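In: Need coordinates for the below:
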Amino acid sequence: MSTFDKMKMGAIMGSCVGLTMGFVFGGYSILKHGAGPNGVIRTLGQYMLGSAATFGFFMSIGTAIRTEGTEEKKLVWQAVMEKARDQRRPMGVVVMARERDAWREREN
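Out: Next up is the predicted model:
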């Protein structure tokens, strides 16, 4: 999935959240202060679209920033884990080596 695809997904998710929040807060504002000269539907629509545009814009930018460079990070992480895996010994080998050294010290 490309960064642009992830940006689109972030914009869609942010717009959905914005529509919901615009509906909730716009509805509350209309109930508390009245719809004004534009009417209920138009005022509610303005709240919802304004909120959806804002949330969608910032969510798409945040998603793009978050996904920037993930492939490089993944490759670096895999290299680090492979190196750590190559350097490890099974725990039983370590314990047996310590016991062997302890026996040699007792014999001398």
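In: Please report how far the residue positioned nearest the centre of the chain lies from Gly10.
Out: For the chain, the residue nearest the mean C-alpha position is Arg66 (6.9 Å; CA atoms, centre = their mean). Distance from Arg66 to Gly10, counting by CB to CB, to the nearest Å: 9 Å. All C-beta atoms are positioned from the backbone trio N, CA, C, and that covers glycine.
In: thinking again about what came up before, give me the pLDDT value at the residue nearest to the centre of the chain.
Out: Arg66 is assigned 82 on the pLDDT scale.
In: ok, now the one 4 residues further on?
Out: According to the per-residue confidence, Thr70 scores 64 in pLDDT.
In: Repeat that for Leu49.
Out: Reported pLDDT for Leu49: 95.
In: what's near enough to touch the nearest residue to Gly26 once chain neighbours are set aside?
Out: Closest residue to Gly26 apart from its sequence neighbours, by CB to CB, 6 or more residues apart in numbering: Tyr47 at 2.8 Å. Contact analysis of Tyr47 by CB atoms under 8 Å, 6 or more residues apart in numbering lists 22-23, 25-26, 29.
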